Structure formats: C-alpha cells, structure tokens
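>>> can't give you the sequence, but here's the structure:
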C-alpha cells in the first residue's frame with residue numbers, strides 16, 4: 001500500500017512539473033512572492049523572465065522549514081521550446097545562471113511532495129562584472145549605448161562614466177591586458193581580455209595608464225585613471241567603457257548596472273487562507289502581476305480559486321480547471 005501511495009505522489013509531482021513547463025507566467029526582475037506550501041496539492045511554480053547579456057539571474061527560496069527539499073531549474077528559450085541550463089543540487093535553495101546572449105529564461109521552483117510552511121521566492125538579477133570606476137556606481141553613468149555621435153554619422157558603442165580626474169579605473173573581471181597605449185579618438189586606453197565568454201573590455205580617455213601589455217590582473221586591480229584624452233580633450237573628465245564580443249560591440253550597461261536585491265520585508269500578505277472567492281461580477285486573469293500584462297481569462301462572481309502566492313496586491317492563483325494566473329486582491333475575499 002505504501003509503495004502505491006509513493007508512486008501516486010511521484011506521479012502527481014511529475015505532472016505538476018510538466019504542467020509548469022507549459023503554463024509559466026511572466027514577471028519582471030527583481031520579483032518576490034510570499035506564500036504557504038499546499039500540503040494536499042503538488043504545485044510547481046514557474047515564471048518566464050527576460051535577461052540581458054551581461055546579467056546573472058538568481059533564483060532563491062527561503063522557507064520556515066529549511067529541512068524540506070526544494071527543486072529549482074532554470075531553462076533558456078531556444079526557438080519554440082526551452083532547454084535546461086541549470087538545476088539545483090539536493091537541498092540547495094539557490095540557483096544562478098548567466099546568459100551568453102539576451103533572451104527569455106524560465107524558472108521552475110517545486111517543493112518536495114507534502115511540503116508545509118511559509119515560503120518566500122526571490123528572483124534577482126546581478127551584473128556579471130564589477131563597476132569599472134572606483135567608488136562610483138549607477139548614478140555616474142550619464143551617456144548611454146546608442147546615443148548619437150558626430151551629427152548622426154555614428155552611434156555611441158559604450159557608456160560614459162563621469163568622475164574626477166585621476167579617479168582609479170579598475171578591472172571589472174580577472175583577465176589579461178591585451179593592449180595599452182594612446183590611439184586615435186580613444187586617447188590613452190587599456191584593453192582587458194576576460195575569460196568570461198571571451199570578451200574584450202575597452203577603457204578610453206584615460207589620464208594615465210597603470211598596467212603593461214600581457215600582464216594578468218584580478219578584479220579590482222587599478223588599470224589607469226579617469227581623464228579626457230583623445231576626442232574628449234577639453235571636455236568633462238570621464239571613462240568611456242565598452243565591451244566587444246565575437247560579433248562586435250555590445251551594450252555594456254547590463255554588465256555593470258547594480259539592481260538592489262529584494263527582501264521579504266518589501267512584500268506583504270493579504271490572505272492567510274488557500275481558498276478565495278471572487279466577490280465581483282467579473283475578474284480579469286492576467287499573465288503577470290500588473291495591468292500591463294495580457295489578459296488570459298476571466299472569473300465570475302462566486303467562483304473559487306486556490307491561492308499559490310502573493311506579490312503584494314497581486315495574487316498568484318490556480319483556477320479549478322487548472323489554469324494559473326495573476327489576479328488583483330481587490331477582486332476576491334477569503
């Protein structure tokens with residue numbers, strides 16, 4: 001009898017996983033969701049998220065019963081389907097991946113069968129590289145990728161980071177100094193070759209250079225100093241920062257832009273029960289947690305739904321016919 005029950009539990013768990021691969025909702029990073037595991041129902045949480053080249057996706061689950069096993073998988077869209085790129089080890093509650101190119105990723109999170117207690121799901125993004133100017137951050141980036149240059153003859157293939165003359169410019173990753181010197185419109189410059197996806201990192205308009213060709217450097221090592229050489233002569237002191245791959249220049253901002261991690265304190269819970277009833281004449285089911293997301297169905301007054309999780313005023317629900325969606329909290333009652 002026990003073997004039969006175990007087989008049924010495994011079958012339910014596998015069906016929930018397969019369903020999650022097909023019905024993923026969409027959220028924007030960073031994203032947080034509070035909820036309670038449903039002991040009488042096998043559920044897999046799945047979300048589609050967009051990731052830019054140079055960003056790291058971090059999926060993590062905190063729970064009141066940390067001894068319970070959590071399965072996390074991240075898949076990348078490949079044409080009309082998804083391919084798995086990372087899975088968590090047994091007992092691991094955190095998983096991170098970085099994409100070689102921009103794309104859509106699917107995060108699947110599934111607790112062990114019979115899991116109980118509260119949880120908090122966080123989906124964050126982090127930059128692949130360190131920030132290239134010592135002591136500076138996002139606010140110092142004031143000229144961006146694609147900006148018009150030379151009256152429209154060319155576009156900006158990098159970002160400009162403004163700082164005082166002489167501010168140290170640092171290695172954003174471990175690598176080898178491929179080239180240094182003073183050339184053309186970039187003035188005094190350093191080229192760093194990283195081992196992460198084989199990128200060439202370009203530092204231009206330097207006031208001075210602190211490294212030589214061919215040496216190995218570590219993240220945070222000083223490479224030079226902010227200046228205004230080259231075609232920046234006479235202008236504000238800044239670093240032109242660029243990244244080049246096999247197909248040419250890429251937008252460097254996602255590689256260095258810091259997005260603060262979310263915390264449980266930022267998210268509230270409006271309901272402490274798993275069954276909710278629609279209290280309005282009609283409610284709208286959406287693909288994501290805001291009115292910006294597409295409508296994927298409707299509810300009617302008196303209809304019941306199962307609460308899977310809460311993203312502040314938006315509820316992650318499952319209808320009695322098996323559809324997963326987001327529903328605004330104002331449309332339901334306990």
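It's in. Please read all numbers here as calculations on a predicted model, not as lab measurements.
>>> What about residue 164, how many residues nearby?
Residue 164 sits with 11 neighbouring residues when counted by other Cβ atoms under 10 Å. From N, CA and C alone the C-beta is placed, and that goes for glycine too.
>>> So what does it look like in phi/psi?
Dihedral angles of residue 164 (phi, psi; degrees, to the nearest 10) stand at phi -70, psi 150.
>>> isn't it right next to residue 238, touching?
No - taking Cβ atoms under 8 Å as the definition, residue 164 is not a contact partner of residue 238, at 10.0 Å.
>>> Mutual contacts of these two, please.
Counting by Cβ atoms under 8 Å, 6 or more residues apart in numbering, the residues touching both residue 164 and residue 238 are residue 226.
>>> contacting residues for the residue lying closest to residue 91 once chain neighbours are set aside?
Leaving aside its chain neighbours, residue 91 sits nearest to residue 69 (6.1 Å; criterion: Cβ to Cβ, 6 or more residues apart in numbering). Applying Cβ under 8 Å, 6+ apart, we find residue 69 in contact with 90-91, 111-112.
>>> quick one: which of the residues you listed is nearest residue 140?
residue 91 (40.8 Å; Cβ to Cβ).
>>> For that closest one, grab phi and psi.
Main-chain dihedrals, residue 91, degrees, to the nearest 10: phi 90, psi -10.
>>> any idea how far residue 298 is from the residue lying closest to residue 245 once chain neighbours are set aside?
Distances taken as Cβ to Cβ, 6+ apart place residue 199 nearest to residue 245, at 5.7 Å, with adjacent residues excluded. Separation of residue 199 from residue 298 (Cβ to Cβ, to the nearest Å) stands at 47 Å.
>>> re earlier: now rank the contacts of residue 69 by neighbours and give me the top one.
In terms of neighbour count, residue 111 stands highest of these at 24 neighbours, by other Cβ under 10 Å.
>>> What distance do you get for it to residue 44?
9 Å.
>>> For the stretch 1-150 of the chain, just list every one of the strands.
Using DSSP state E, counting those that start in this stretch, the strands of the stretch 1-150 of the chain run over residues 25-26, 31-36, 45-51, 55-63, 70-78, 81-87, 94-98, 103-111, 118-127, 141-143, 148-149.
>>> any idea of the angle the second one forms with strand 45-51?
Read that as strand 31-36. Interaxial angle of strand 31-36 relative to strand 45-51 (axes from the mean of the first three to the mean of the last three Cα atoms, to 10 degrees): 170 degrees.
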